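1. Please work out how this folds:
(chains A and B)
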Amino acid sequence: MIVDALAFAADGLVDALDAAGIDRAVVCPPRARGHGYDVENDRVASLVSAYPERLAGFARVDPLAPGAAAEVERARGLGLRGLFLHPWEDSFRITDPAVDRVVDGAPVLVAAGYPWVSEGLQVGELARRHPETTFVATNGAQINISGLGQVDAQLALEENPNLHVQTTGVYREDFLEGIVERLGAERLLFASGFPRFDPRLELLRVQWAPAIGAEAAAAILGGNAERLLLS
Amino acid sequence: MIIDAHLHVDDIPALGWQLAAADCVARLDEAGIERGVVMTIVDAPEVNPDALELIADACAAFPGRLEAFARIHPWYGDRSLGLLERALGELGFKGLKLHPVTTIAHPSGEDTLRLIRAAAEHNAPTLFHCGDEPLTTPLAVARAAEACPQATIILGHMGGYFHVDEAIEAAERHPNLVLETSAMPYPAKIREAVDRIGAERVLYASDGPACSPRIEVEKVRLAGLDPAAERLVLGENAARLLAAVA
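-> Numbers count the residues shown, from 1 in each chain, chains lettered A, B, ... in the order given. The predicted model follows:
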């Protein structure tokens, strides 16, 4: 079973999952424009109800917006299982105290590696404040084409056992393999990042990595997401 | 025939990175790639005064498989220029590599332009790291392309994660810019680049061996180019650039 640990509610999502052979996906709202996240969370809940066997929904809020914590609670009532935060698109620092007020114990996905707002160590600091909460950082927590964020991402992972990272867009195979070798395959989750990223390519980062064995690959491609995000 | 236009050979204990020529060749073999272009991670003359020899030795160990680009720090004036001349002359290197993140030398600085122009005298291209960091963005490197219209300048990573559209736009404005696909994660942007600037100016590379040449080739295939364009991107363009160096 292949589980995509992060795709966005966009046209063509289910077709893209089919084309890549992905069984299930965690689906999150794209950036809200011209309205609040209540509208987007409702849309994700509707999409999930149309494909209940394929999709699991996560809510999205802007923690600095009025009523953010109430929207998290409302979204939980819609059946959305966790929270997605995008500090870059929604203009907040992941270590801002307002973020603490929307972390409610459910798993939290963080768009990570963005300069100034969601660097690896900043996401690690959030995870440190909430040791009982599962955090999953996108893009290896270091979306940098020079590899400059790798060490901070590794430090954050070493220091916070409740922090995990996704494989999306991580071109450095040795970074992914190093996490498996040093911290265990349970810390790594495949995610497609659809529609910005191409699910067919993103799968290969796990499936073709020479040092990731079959058992580890099964965990990264689906088992970890089932345990951490869907249970 | 596939040529990988960007691989690394180096030995950096401080980072724990040991990238051997044999690793590069093994990864090329795994991906069915005939030849690769190798360069160091650090620069000559600092922090490694022997960086050119390291690459020359790597290529000599695998004749016919590896070609060399010289990674040179622009700040050392005549010494930098001398290293480049030695690389492109006596040592048979095929290009210049500049990584402004490691040198903090702006692409349009006079010391950098001097090296680019010297490389162009040999018909040798200059490969820039071109990503999301200051000093490396497409708009920064495009100033070097504008100042050196006679030079072929390759935008390695074609803008990284967030500057890809600007890389394509810069290449539309400057016919001496070439877009290089390594690490950049969007297959659809390779297709868009080919449609907008032509397949002759899009170049496959992997940034291996720590990145997978096999996956990077598959990324180009996922772009869905027509067969002639795909051949240009995967090998013919690199063969043409390498053969032109004198």
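2. contacts and neighbour counts: CA atoms only from here.
-> Noted.
3. wait, what's in contact with the closest residue to chain B within chain A?
-> Proximity of chain A to chain B (Cα to the nearest Cα) peaks at residue A:172, 4.9 Å away. With contacts defined as Cα atoms under 8 Å, 6 or more residues apart in numbering or on different chains, the neighbours of residue A:172 are A:147, B:210-212.
4. those helices in chain B, which residues are they?
-> For chain B, the helices defined by DSSP state H cover B:21-30, B:51-61, B:77-88, B:100-103, B:110-121, B:138-147, B:164-173, B:187-197, B:213-222, B:227-231, B:237-244.
5. Tell me which other helices or strands the first one touches.
-> Here helix B:21-30 touches strand B:3-8, strand B:35-39, helix B:51-61, helix B:213-222, going by 3 or more Cα pairs under 8 Å, 6 or more residues apart in numbering or on different chains; DSSP states H and E.
6. Local confidence estimate at the nearest residue to residue B:140 once chain neighbours are set aside?
-> Nearest residue to residue B:140 in three dimensions, chain neighbours excluded: residue B:107, at 6.3 Å (Cα to Cα, 6 or more residues apart in numbering or on different chains). pLDDT recorded at residue B:107 is 98.
7. what residues does chain A put near chain B?
-> A:143-146, A:169, A:171-174, A:196-198, A:201, A:204-205, A:208-209 (Cα under 8 Å from any Cα of the partner chain).
8. For chain A, just list every one of the helices.
-> Under DSSP H, chain A gives helices at A:13-20, A:37-50, A:68-77, A:97-100, A:120-129, A:150-159, A:173-183, A:199-207, A:214-218, A:224-225.
9. Adding mean neighbour count and mean pLDDT, write those helices out as TSV.
-> Shown next, in TSV, are those (neighbours: other Cα atoms under 10 Å in any protein chain shown; pLDDT from 0 to 100):
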stretch	mean neighbour count	mean pLDDT
helix A:13-20	16	98
helix A:37-50	19	98
helix A:68-77	19	98
helix A:97-100	16	98
helix A:120-129	22	98
helix A:150-159	19	97
helix A:173-183	18	97
helix A:199-207	21	98
helix A:214-218	16	98
helix A:224-225	24	98
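10. of all those, which lies closest to residue B:111?
-> Nearest to residue B:111 among those is helix A:150-159; the distance by Cα to Cα comes to 30.5 Å.
11. which one is residue B:11 nearest to, not counting chain neighbours?
-> Computed as Cα to Cα, 6+ apart, the closest residue to residue B:11 that is not its neighbour in sequence is residue B:18, at 4.5 Å.
12. what's the neighbour count on the one you found?
-> Neighbourhood size, residue B:18 [other Cα atoms under 10 Å in any protein chain shown]: 14.
13. can you tell me which of the helices and strands packed on helix B:21-30 comes nearest to residue A:104?
-> Once the helices and strands packed on helix B:21-30 are compared by Cα to Cα, helix B:213-222 is nearest, at 38.9 Å.
14. mind checking how far the closest one is from the chain centre?
-> 17 Å (Cα atoms, centre = their mean, to the nearest Å).
15. What is that helix packed up against?
-> helix A:199-207, helix B:21-30, helix B:187-197.
16. Identify all contacting residues around that helix.
-> Contacts of helix B:213-222 (Cα under 8 Å, 6+ apart): A:201, A:204-205, A:208, B:4, B:27-28, B:30-31, B:182-183, B:186-188, B:190, B:204-207, B:230, B:234.
17. Quote the end-to-end distance of stretch A:217-226.
-> 14 Å (Cα to Cα, to the nearest Å).
18. Excluding chain neighbours, what is closest to residue A:117?
-> residue A:93 is the one closest to residue A:117 (Cα to Cα, 6+ apart), at 4.4 Å.
19. Contact partners for that neighbour?
-> When contacts are counted by Cα under 8 Å, 6+ apart, residue A:93 touches A:87, A:116-118.
20. tell me the two of these that are most distant?
-> Spanning the widest gap among these are A:87 and A:116, at 9.5 Å by Cα to Cα.
21. And those two? Which one has more around it.
-> residue A:87 (24 against 12).
22. roughly how far apart are that one and residue A:157?
-> Per Cα to Cα, residue A:87 is found 19 Å from residue A:157.
23. Please list the residues of chain B that sit near chain A.
-> Within reach of chain A by Cα under 8 Å from any Cα, chain B has these residues: B:131-132, B:157, B:160-161, B:183-187, B:210-212, B:215, B:218-219, B:222.
24. any low-confidence regions in chain B?
-> Within chain B, no stretch falls below the threshold (pLDDT under 70).
25. residue closest to the middle of it?
-> By Cα atoms, centre = their mean, chain B has its centre lying nearest to residue B:127, at 3.8 Å.
26. Tell me what that one is bridged to.
-> Going by DSSP bridges, residue B:127 is paired in beta bridges with residue B:97, residue B:154.
27. mind listing what the residue of chain B at minimum distance from chain A touches?
-> As assessed by Cα to the nearest Cα, chain A sits closest to residue B:211 within chain B, at 4.9 Å. Neighbouring residues of residue B:211 by Cα under 8 Å, 6+ apart: A:171-174, B:183.
28. Switch those over to a markdown table; also include distance to residue A:215.
-> Shown next, in a markdown table, are the contacts of residue B:211 (distance: Cα to Cα, whole Å):
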| residue | distance to residue A:215 |
| --- | --- |
| A:171 | 22 |
| A:172 | 21 |
| A:173 | 18 |
| A:174 | 18 |
| B:183 | 27 |
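29. Quickly name whichever of those residues is closest to residue A:109.
-> Nearest to residue A:109 among those, counting by Cα to Cα, is residue A:171 at 20.5 Å.
30. how close does the closest one sit to residue B:78?
-> 36 Å.
31. So which of these two has more stuff around it?
-> Neighbours per residue (other Cα under 10 Å) separate residue A:171 from residue B:78, with residue A:171 holding more: 29 against 13.
32. Isn't the more buried one up against residue B:183?
-> Yes - Residue A:171 lies in contact with residue B:183 (Cα atoms under 8 Å); the separation is 5.4 Å.
33. and the residue nearest the centre of chain A, what is it in contact with?
-> The C-alpha lying nearest the average C-alpha coordinate of chain A belongs to residue A:109 (Cα atoms, centre = their mean; 4.0 Å). Residue A:109 makes contact with A:82-85, A:135-138 under the criterion Cα under 8 Å, 6+ apart.
34. which two in these are spaced the farthest apart?
-> Across those, no pair lies farther apart than A:82 and A:138, at 14.7 Å, counting by Cα to Cα.
35. and the gap between residue A:82 and residue B:127?
-> 44 Å.
36. do the same with residue B:197
-> To residue B:127, residue B:197 is 18 Å away according to Cα to Cα.
37. Check residue A:136 too.
-> Applying Cα to Cα to residue A:136 and residue B:127 gives a distance of 36 Å.
38. Over to residue A:5?
-> From residue A:5 to residue B:127 the distance is 36 Å (Cα to Cα).
39. now swap in residue B:217 and tell me
-> Distance from residue B:217 to residue B:127, by Cα to Cα: 19 Å.
40. and what of residue A:80?
-> For residue A:80, the distance to residue B:127 - Cα to Cα - is 47 Å.
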